[in-house]
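A.B. asks: Build me a model:
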Amino acid sequence: MDPTLLAVLALIAAALIFDFINGFHDAANSIATVVSTRVLTPGQAVVWAAVFNFLAAFGFGTAVARTVGGGMIDLAVVTSAVIFGGLMGAIVWDLITWWVGLPTSSSHALVGGYAGAAIAKAGWGSLIAAGWTKTLIFIVLAPLMGMAFALVISAVTLWLFRGFAPRRVDSWFRRLQLLSAALYSLGHGTNDAQKTMGIIAGVLFTGGYLAVFTIPFWVIISAHAAIALGTLSGGWRIVQTMGSKITKLQPFGGFAAETSGAITLLVASSFGIPVSTTHTITGAIIGVGAIRRISAVRWGVARRIVWAWIMTIPASALIGALVYRGFVLLSGIP
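C.D. replies: Residues are numbered from 1 along each chain as shown. The predicted model follows:
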């Protein structure tokens, strides 16, 4: 077999493995709220989320994939070794944080690992400032948007249903939470699967299998299938942190958090901005807790999560750089 083709196939497989890990690492984002409110069992919830992760392949565009694949790293410096280093940086960091139960961002792990490998090869000039500016701004903005939308939706909901019997409201929102969980899973699949699409398209372009940078349909389907299968496998260590340790959720709160997260993700995706689904839903859950009272949020847990967020890009970048250097040293292929 042609060595170039073999390298391309190996990198596509590695990208899909990352996508699968992304699915089970970030399954908590899609299902923690609906599980913690006991609207669905964990088994039912992962199936529900996985179905809508996959359905996001149809009709939501590829703007995020284009940003990740060609808008953050100069394609002139991208080689198989750079892509491999980037993927391994993301995979290793995801597995570490999954093991300790921290809901960190697979998205930021991917762009961090990719950037670290590119910098190790060609220095800081390999980064495209415009793409990174959007991403770095939304590290702060996405959870704030999730929190703000959750505060507004929660406040409006509490006002509209004032005077209603709590049991009656709870019954309604148990049904509505199925809709909000589906909507959030669509947003999760839309934004997160596209990051893997961008990496695979970069592999095909640098390998000479695409004349221009574009996203083939088979890449779209493959990425959504991989993330959906990952979601099906669950991420139970992180589900507990997201669903119960930040704040106690009721069905109306779960509905508000999921709806807020979905709005944020779909807006960002429409502008081609790769945001963190983890940051977004965490901000939304905090917003739901804060509408009751500030003390309803377990700020110690929230601080631990924020420190993990801060560490994600530099840690995955360091791992990506080390893997790239090790690969070049052992193989002699830059």
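A.B. asks: would you list every one of the strands in this protein?
C.D. replies: For the chain, no strands turn up when DSSP state E is the criterion.
A.B. asks: low-confidence ranges in it?
C.D. replies: Scanning the chain for pLDDT under 70 picks out 1, 27-30, 103, 234-249, 292-305.
A.B. asks: can you rerun that using 50?
C.D. replies: 238, 241-247, 296 (pLDDT under 50).
A.B. asks: Next, work out how far apart Thr282 and Val78 are.
C.D. replies: The gap separating Thr282 from Val78 is 32 Å, by C-beta to C-beta, to the nearest Å. Every C-beta, even on glycine, is put in place using the N, C-alpha and C of the backbone.
A.B. asks: Look at these two and report which has more neighbours.
C.D. replies: Thr282 (30 against 24; other C-beta atoms under 10 Å).
A.B. asks: Ala308: how many residues sit nearby?
C.D. replies: By the measure other C-beta under 10 Å, the count of residues near Ala308 is 18.
A.B. asks: shouldn't it be in contact with Gly101?
C.D. replies: No: look at Ala308 against Gly101 with C-beta atoms under 8 Å: they stay out of range, at 10.1 Å.
A.B. asks: Tell me where the stretch 1-150 of the chain has helices.
C.D. replies: Here the stretch 1-150 of the chain has its helices, by DSSP state H, counting those that start in this stretch, at 3-25, 27-36, 42-55, 63-70, 80-99, 106-122, 129-160.
A.B. asks: most tightly surrounded among those helices?
C.D. replies: Ranked by mean neighbour count under mean count of other C-beta atoms under 10 Å, those are led by helix 27-36, which reaches a mean of 30.
A.B. asks: Reformat the helices of the stretch 1-150 of the chain as JSON lines; add distance to Ala211.
C.D. replies: Listed next are those as JSON lines, based on distance: least, C-beta to C-beta, whole Å:
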{"stretch": "helix 3-25", "distance to Ala211": "15"}
{"stretch": "helix 27-36", "distance to Ala211": "36"}
{"stretch": "helix 42-55", "distance to Ala211": "29"}
{"stretch": "helix 63-70", "distance to Ala211": "14"}
{"stretch": "helix 80-99", "distance to Ala211": "19"}
{"stretch": "helix 106-122", "distance to Ala211": "23"}
{"stretch": "helix 129-160", "distance to Ala211": "22"}
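A.B. asks: quick one: which of these is nearest Phe205?
C.D. replies: helix 63-70 (7.6 Å; C-beta to C-beta).
A.B. asks: who's in contact with that closest one?
C.D. replies: Residues outside helix 63-70 that contact it (C-beta atoms under 8 Å, 6 or more residues apart in numbering): 110-111, 114, 131, 134, 190-191, 194-195, 197-199, 201-202, 205, 213, 215, 268-274.
A.B. asks: Just want the angle from the longest helix along the chain to helix 3-25.
C.D. replies: Ranked by number of residues, the top helix in the chain under DSSP state H is helix 166-206. Per axes from the mean of the first three to the mean of the last three C-alpha atoms, to 10 degrees, the angle that helix 166-206 makes with helix 3-25 is 170 degrees.
A.B. asks: what inclination does helix 166-206 have with respect to helix 42-55?
C.D. replies: Going by the same axes, to 10 degrees, helix 166-206 makes 50 degrees with helix 42-55.
A.B. asks: on that earlier part again, make a PyMOL selection of the buried ones in the contacts of helix 63-70.
C.D. replies: Buried subset of those, written as a PyMOL selection, criterion 16 or more other C-beta atoms under 10 Å:
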select buried, resi 110+111+114+131+134+190+191+194+195+197+198+199+201+202+205+213+215+268+269+272+273+274
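A.B. asks: would you put the C-alpha positions of stretch 135-147 in PDB?
C.D. replies: Taking Å, rounded to 0.1, in the frame of the first residue of the first chain, the C-alpha atoms of stretch 135-147 are listed here in PDB:
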ATOM      1  CA  THR A 135     -12.000  30.800  20.100                       C
ATOM      2  CA  LEU A 136     -10.200  32.500  23.000                       C
ATOM      3  CA  ILE A 137     -13.000  35.100  23.400                       C
ATOM      4  CA  PHE A 138     -15.600  32.400  23.500                       C
ATOM      5  CA  ILE A 139     -13.800  30.500  26.200                       C
ATOM      6  CA  VAL A 140     -15.100  33.300  28.400                       C
ATOM      7  CA  LEU A 141     -18.200  34.300  26.500                       C
ATOM      8  CA  ALA A 142     -19.800  30.800  25.900                       C
ATOM      9  CA  PRO A 143     -20.300  30.000  29.700                       C
ATOM     10  CA  LEU A 144     -21.400  33.600  30.300                       C
ATOM     11  CA  MET A 145     -24.000  33.300  27.500                       C
ATOM     12  CA  GLY A 146     -25.200  30.000  28.800                       C
ATOM     13  CA  MET A 147     -25.500  31.500  32.300                       C
END
